[in-house]
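[1] sequence first, then the predicted structure:
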2 protein chains.
Amino acid sequence: MRRSAGDHIMVIEKKIYSLGHQVADILSADILEGNIRGGDRLIEQELQARFGVSRSPLREAFRDLEKKGLVEIVPRRGTFVKLVTRKDIIDHFPVRAALEGLAAALAHRSLTDLERESMKRELAAMEAAVGAGDTGRFHAHHLAYHELFINGSGNPLLIDTLKTLRMQAMWHRFSYQYYQEDLQRSYRVHARILDMLLDPGADLSRLRELVEDHINRAVSNFLHYVEQHETSHIDKTLTRRGETR
Amino acid sequence: MRRSAGDHIMVIEKKIYSLGHQVADILSADILEGNIRGGDRLIEQELQARFGVSRSPLREAFRDLEKKGLVEIVPRRGTFVKLVTRKDIIDHFPVRAALEGLAAALAHRSLTDLERESMKRELAAMEAAVGAGDTGRFHAHHLAYHELFINGSGNPLLIDTLKTLRMQAMWHRFSYQYYQEDLQRSYRVHARILDMLLDPGADLSRLRELVEDHINRAVSNFLHYVEQHETSHIDKTLTRRGETR
DNA sequence: GTCAAGTAAATTGTCGACAATTGTAATTTC
DNA sequence: GAAATTACAATTGTCGACAATTTACTTGAC
């Protein structure tokens, strides 16, 4: 069967995705779900057979994945799925914390009324989840809560940087939901944060600090979780060595 | 003349650059220097003729430039050089400030003795430049000073994020050197920062704040400069409209 | 048995050509 | 004369093939 250019173009909600983009999406999911392990090499011919596309869109997909921070392209040697080391995890949190702290402070003055209402709803949903002891539900609303004030910061560069950061930290997305945390305590922090966001006279430095500390505090919990569970995309070998620099 | 694959590969210091990479470098410079204006479309056939390469490496170059934030690739429509608006500039500073503040605080404990010495030297060079009234020289050493504590933070993710940020803000690199600033005052701030970096008992929050404020303060100066001078890659049209969100 | 050198296979880099889409200008219709 | 339609040109998306390089394996020397 001969496949001609433009064939297989998928149109979803009036958005056109090139073959390269489609392939990148599938590969992203595969990497995130652990079907493709960290350190694995993405071989063009193999994927060419799998997806039935030529190498041009494949190579574009690789660039896409590289931009997302999921793979590393080494010239003349190939494309490799990134390994996440213990230090990568440790390094991730303070950066994310600093940026989300900033986002919260900016959101304080630029949040719309609608967004403020949405945040109240997400917080209420978090409280309900705590009551029901539903960790998965809690984290879903927790995520929505954070996204609300990030997007509400009104700073597209900041929003985009945080999005990239979250994407690069794929280990985060799949592990976060399952590690145990003091939900009650987490809920109270978010209640305080929202209080400050809604209070016109709030101290912005303290607001930032609150958000920042909340995120930084998660790192130890998270590391503890990672070391106990199997997570295919996190490198356990390097995990043992204390590389502080 | 027929050109075969692998021909024209350039080897610099044992690093191999593909054609795509080389093209991306040249185009980067062109965009930064304003030879290619913001909003311009990069047409493959045109550049193909100019560089004498086929479209495959060209398209890779485009992806490279997109990753650097210099262009935007719109599917089926083309690749366009990014426009920098007044709001882009305003948004850039707080993000950069937050991250550099964090970098300074991290550097406080992870800087090597060698790096501390280098920072002293850069600061001394800045002082000399102030005495000589040499703005260009001042900013060169100012840049080196900042890079020292950023790279000395020991957090590759942070270092990389800041590098990308600086790259995206190409307007910054070419304009910064020429806008007038109170060099004397700037020098004093950097002297205080270095003092704190060298003091084992320094208050890290204050150190962060100092760095952050120093960068944030620059935004008004910079905007003032931009509005007076011609800078080819900054969009003047949108510059006039107050878009706060 | 281990290391070095040479050879073959696998894989990436680049190319030119065709297909599909988008933008533009001429044409038609009201 | 303005708006819609159609035909054409310009441009991007995809393909398959060849060239160059890297990798793996075999062979040979010590």
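    Done, it's in. Residues are numbered from 1 along each chain as shown, chains lettered A, B, ... in the order given.

[2] pull up the residues of chain A that are close to chain B.
    Contact residues (Cβ under 8 Å from any Cβ of the partner chain) of chain A with chain B: A:16-18, A:21, A:56, A:59-60, A:63-64, A:66-67, A:75-76, A:88, A:91-92, A:94-95, A:98-99, A:101-102, A:106, A:110, A:154-158, A:161, A:165, A:168, A:244-245. Every residue, glycine included, has its C-beta placed from N, CA and C.

[3] again, 6 Å this time
    Residues of chain A lying close to chain B by Cβ under 6 Å from any Cβ of the partner chain are A:16, A:18, A:63, A:67, A:75, A:91, A:95, A:98, A:102, A:154-155, A:157-158, A:245.

[4] starting at the chain centroid, how far to stretch A:99-118?
    19 Å (Cα atoms, centre = their mean, to the nearest Å).

[5] list the buried residues in it.
    Buried residues in stretch A:99-118, defined by neighbour count with 16 or more other Cβ atoms under 10 Å in any protein chain shown: A:99-108, A:111, A:115-116, A:118.

[6] and for the helix or strand residue A:164 falls within, what's in contact with it?
    Using DSSP states H and E, residue A:164 sits in helix A:156-168. If you take Cβ atoms under 6 Å, 6 or more residues apart in numbering or on different chains as the criterion, helix A:156-168 is touched by A:68-69, A:96, A:99, A:103, A:150-151, B:91, B:95.

[7] pull out the buried residues from it.
    For helix A:156-168, by 16+ other Cβ under 10 Å, it's A:157-159, A:161-162, A:165-168.

[8] so for that helix, what's the average pLDDT?
    Mean pLDDT, computed over helix A:156-168, is 92.

[9] next one: stretch A:27-41
    89.

[10] that one near DNA strand D anywhere?
    No. Residues of stretch A:27-41 are not located near DNA strand D by Cβ under 7 Å from any atom of the strand, the shortest gap being 9.4 Å.

[11] residue A:92 versus the most centrally placed residue in chain A, what's the distance?
    Centroid-nearest residue in chain A, with Cα atoms, centre = their mean: residue A:166, separated by 2.8 Å. Residue A:166 is 10 Å from residue A:92, where distance means Cβ to Cβ, to the nearest Å.

[12] residue A:34 now?
    19 Å.

[13] more neighbours: those two, which one.
    residue A:92 (23 against 16; other Cβ atoms under 10 Å in any protein chain shown).

[14] downstream neighbour of the helix or strand where residue A:73 lies in the secondary structure list?
    Using DSSP H and E, residue A:73 sits within strand A:71-74. Counting by DSSP H and E, the next helix or strand C-terminal to strand A:71-74 is strand A:78-81.

[15] on the pLDDT front, check residue A:15 for me.
    Residue A:15 is assigned 48 on the pLDDT scale.

[16] should've said residue A:173
    You'll see residue A:173 listed with a pLDDT of 67.

[17] ranges for the helices of chain A?
    A:19-33, A:44-51, A:55-68, A:86-110, A:113-132, A:135-151, A:156-168, A:170-176, A:183-198, A:204-228 (DSSP state H).

[18] now do the first one against helix B:55-67, angle only.
    Helix A:19-33 and helix B:55-67 meet at an angle of 60 degrees, taking axes from the mean of the first three to the mean of the last three Cα atoms, to 10 degrees as the criterion.

[19] does helix A:19-33 reach DNA strand C?
    No. Contact of helix A:19-33 with DNA strand C (Cβ under 7 Å from any atom of the strand) is absent, the minimum separation being 11.4 Å.

[20] list the buried residues for that helix?
    The neighbour-count criterion (16+ other Cβ under 10 Å) identifies A:19-24, A:27-28, A:31-32 as the buried residues of helix A:19-33.

[21] equivalent analysis for stretch A:187-195, please.
    A:187, A:190, A:193-194.

[22] now swap in stretch A:133-143 and tell me
    Neighbour-count burial for stretch A:133-143, counted by 16+ other Cβ under 10 Å, picks out A:135, A:137-142.

[23] what about residue A:72, distance to DNA strand C?
    12 Å (Cβ to the nearest atom of the strand, to the nearest Å).

[24] do I have it right that that residue meets residue A:81?
    No. Counting by Cβ atoms under 6 Å, residue A:72 sits too far from residue A:81 to count as a contact (8.1 Å).

[25] more neighbours: which of the two?
    Comparing residue A:72 with residue A:81 by other Cβ under 10 Å, the one with more neighbours is residue A:81, at 21 against 14.

[26] count of neighbours near residue A:225?
    Neighbouring residues of residue A:225 were enumerated by other Cβ under 10 Å; the total is 17.

[27] between the buried residues of stretch A:133-143, which sits nearest DNA strand D?
    Of all the buried residues of stretch A:133-143, residue A:140 has the smallest distance to DNA strand D: 33.5 Å, by Cβ to the nearest atom of the strand.

[28] which stretches of chain A have low pLDDT?
    A:1-16, A:170, A:173-180, A:229-245 (pLDDT under 70).

[29] now with 90, please.
    For chain A, residues meeting the criterion pLDDT under 90 lie at A:1-18, A:31-35, A:37-39, A:83-86, A:133-136, A:139, A:166-183, A:218-245.

[30] now residue A:133: how far from residue A:183?
    8 Å.

[31] also residue A:99?
    According to Cβ to Cβ, residue A:99 and residue A:183 sit 24 Å apart.

[32] what do you get for residue A:138?
    5 Å.

[33] what do you get for residue A:206?
    Applying Cβ to Cβ to residue A:206 and residue A:183 gives a distance of 24 Å.

[34] quick one: which of the two has more around it?
    Each of residue A:206 and residue A:183 has its neighbours counted (other Cβ under 10 Å); residue A:183 has more, 19 against 12.
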